[in-house]
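Visitor: Give me a 3D structure for the following:
(one chain, ligands or ions: 1)
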Amino acid sequence: MKPVIGVTPDFNAGERTDMGGSEPTYFLRARYIRAIEELGGIPLILPLVAGRAARRRLLDGVDGLLLTGSGPDLPPRLYGERQRYPFPLVSERRADFELDLVHQANARDLPLLGICGGMQTVNVACGGSLFQDIPSQVRDALQHRQKTTAVHVAHSVKVAPNSLLRKIVNQATLKVNSSHHQSVKTVAPSLVASAVAPDGIVEAIESPAHRFLLAVQWHPEFLFERHQAHRRLFEALLRAARRTGA
Ligand SMILES: N[C@@H](CCC(=O)NCCCC(=O)O)C(=O)O
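Guide: Below you'll find the predicted structure:
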């Protein structure tokens, strides 16, 4: 049976100039949905409901989760810092929802794949922190906001041996795209870094204690149609999701 994968959308509460302006608006790039559907899952876009009980009900109805990216950043107070750079922040509703969703998913060992901002949310939810702005804080950093579209790769990453990621992609190095100005600074205590860029930027994290908790800084939904290694990420999520409740 096809596994149902809950997909978190972005949300404009009405304060952003993009995506709906003053009208509260959900939005989500279709590539996330296409990747899940084309590789054998049933994508289910999740409303950012308030309250733990409602979120618990949502999780009862899915076999796995995909935490998607977000142009705006997580509020730095969520990892104990004051905001140091004038970048837009993700809506409180989305931040509250996804942080709680990570906690609840981990408690029930629900398979979860985080992408880009979704990786940063997983790390913060588990107690880690972020570089608020790579160019301002990381000396000699690569250009992590590529000028070309994300269907093109931008840099390589080294994949940690014996990691879940390595088992999935079966490669020691991987070419990835890049569309972010933040990244993991301290990896959460319960997680490990499983891919690193040549400049030391953490590009993937995972949990050794869960059957499938993996998050990547790049956007495999732009690459899965032409790159087998990135297709395998979604296939592995779907495989793990099929075992949910089996
Ligand atoms: N704001 C964070 C996360 C970047 C991110 O998720 N980018 C994706 C943009 C939205 C999308 O196309 O899905 C950062 O800049 O590091």
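Visitor: which residue ranges form the strands in the chain?
Guide: With DSSP state E, the ranges of strands along the chain come out as 4-8, 10-12, 25-27, 42-45, 64-67, 112-115, 130-131, 155-159, 173-176, 183-184, 192-196, 202-206, 213-216.
Visitor: so which of the ones you listed comes closest to Arg34?
Guide: Among the strands of the chain, strand 42-45 comes nearest to Arg34, with 8.5 Å by Cβ to Cβ. C-beta: built from backbone N, CA, C; applies to glycine.
Visitor: Just the buried positions in that closest one, please.
Guide: Of the residues in strand 42-45, those scored as buried under the neighbour-count criterion (16 or more other Cβ atoms under 10 Å) are 43-44.
Visitor: Now do that strand: everything it contacts.
Guide: Residues outside strand 42-45 that contact it (Cβ atoms under 8 Å, 6 or more residues apart in numbering): 2-7, 9, 26, 28, 32-33, 36-37, 61-62, 66.
Visitor: Below-threshold pLDDT in the chain: ranges please.
Guide: Along the chain, segments meeting pLDDT under 70 are nowhere present.
Visitor: Spell out which residues sit in contact with Gly61, please.
Guide: Contact analysis of Gly61 by Cβ under 8 Å, 6+ apart lists 4, 6, 44.
Visitor: What of Val159?
Guide: 165-166, 169, 171-174, 194-195, 204.
Visitor: Please determine how far it is located from Ser178.
Guide: Look at Val159 and Ser178: by Cβ to Cβ, to the nearest Å, they are 16 Å apart.
Visitor: what do you get for Pro220?
Guide: Taking Cβ to Cβ as the criterion, Pro220 is separated from Ser178 by 12 Å.
Visitor: Around the ligand, pick out the residues from the protein.
Guide: Contacts of the chain with the ligand, taken as Cβ under 6 Å from any ligand atom, map to 29, 68-73, 116-117, 120, 179-182.
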